[in-house]
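K.L.:
can't give you the sequence, but here's the structure:
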């Protein structure tokens, strides 16, 4: 029996990077997945790939900053698969400016997509996750939700730090209600969010001397979502090649 037989997950940012790797592996371990993203074509490709491999997945257009969008994706999961057991809040965007150069518009957008989306997702999914009786939320923060990074990207750092603390707050609120909530904190992972960042610089600052792979993070997300982590809630799992160990 696979770890996620009969279980259903919504995975945001599921069209690429960490979200895609998580969706593919969740379905590969017996679960059904709603691949939620604003990138409709890529999300549909991921769902089709999962289906071709014998898994169960549906794509859903989701703007994670939209409260009505969140109500829609939860309703979709219930309609398509009959339940909701796992929520992976993975969607996020970054910035790469100093605080002096960060506009209010950039700050607000990064916080909305990266932080407020987690609040909206937890709120929208709460009833369905409680009905599951064995709900799990995994919020993807960042190692820069724990440490200060390079002194740039203040909106990203603030948003990811807030995700870390919101995770602990919600974990305590739901501790006796059948939902576990944990955060995962990736380091430098080779995904599209890196953009034009100097990958050699990032590799050189990582003790393991390589970038992480999306699959490295997906494995930890699935652990946190599974019954293997049944006595864990409010925890933070760091996947950073040793960066924060120094």
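P.N.:
Cool, the structure landed. Bear in mind the structure is a predicted one, so any value in this text is a computation, not a measurement.
K.L.:
Return the set of buried residues in the lengthiest helix in the chain.
P.N.:
In the chain, with assignment by DSSP state H, the single longest helix is helix 154-173. For helix 154-173, the neighbour count (16 or more other CB atoms under 10 Å) marks 154-164, 166-168, 170-171 as buried. Placement of C-beta: from N, CA and C, glycine included.
K.L.:
before we move on, what about stretch 110-126?
P.N.:
In stretch 110-126, counting by 16+ other CB under 10 Å, buried: 110-122, 124-126.
K.L.:
Kindly report the same for stretch 20-39.
P.N.:
So for stretch 20-39, counting by 16+ other CB under 10 Å, buried means 20-29, 31-39.
K.L.:
for stretch 53-60, same thing?
P.N.:
55, 57, 58, 59, 60.
K.L.:
which secondary element of this protein has the worst mean pLDDT?
P.N.:
Using mean pLDDT, DSSP states H and E, helix 199-204 stands out as the lowest-scoring helix or strand of the chain, at a mean of 89.
K.L.:
after it, next one along is what?
P.N.:
Remark: after helix 199-204, the chain's next helix or strand is helix 214-225, criterion DSSP states H and E.
K.L.:
quick one: contacts of that next one?
P.N.:
3-4, 9, 17-18, 20-22, 24-26, 29, 86, 88, 90, 136, 138, 140, 180, 182, 184, 186, 189-191, 229, 232, 235, 237, 239 (CB atoms under 8 Å, 6 or more residues apart in numbering).
K.L.:
Which of the residues you listed fall in helices?
P.N.:
Per DSSP H, the subset of the contacts of helix 214-225 in helices is 17, 18, 20, 21, 22, 24, 25, 26.
K.L.:
Please tabulate these in CSV, including the columns distance to residue 197.
P.N.:
CSV is the format used below for these (distance: CB to CB, whole Å):
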residue, distance to residue 197
17, 14
18, 16
20, 20
21, 20
22, 22
24, 25
25, 26
26, 28
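K.L.:
for this structure, what are the low-confidence residue spans?
P.N.:
1, 195-196 (pLDDT under 70).
K.L.:
So for the least confident helix or strand of the chain, what gets flagged as buried?
P.N.:
So, applying 16+ other CB under 10 Å, buried residues of helix 199-204: residue 202.
K.L.:
Tell me the spacing between the most centrally placed residue in the chain and residue 105.
P.N.:
For the chain, residue 90 is the residue whose C-alpha lies nearest the centre (CA atoms, centre = their mean; 2.0 Å). Distance, residue 90 to residue 105, using CB to CB, to the nearest Å: 24 Å.
K.L.:
who are the neighbours in contact with residue 74?
P.N.:
Neighbour list for residue 74: 10, 84, 124, 125, 128 [criterion: CB under 8 Å, 6+ apart].
K.L.:
Kindly recompute the last result at 10 Å.
P.N.:
Going by CB atoms under 10 Å, 6 or more residues apart in numbering, residue 74 touches 10, 34, 84, 87, 121, 123, 124, 125, 126, 127, 128, 129.
K.L.:
Those residues in helices, which ones?
P.N.:
Using DSSP H, the contacts of residue 74 in helices are 121, 123, 124, 125, 126, 127, 128, 129.
K.L.:
Farthest-apart pair in the residues you listed, please.
P.N.:
121 and 127 (12.8 Å; CB to CB).
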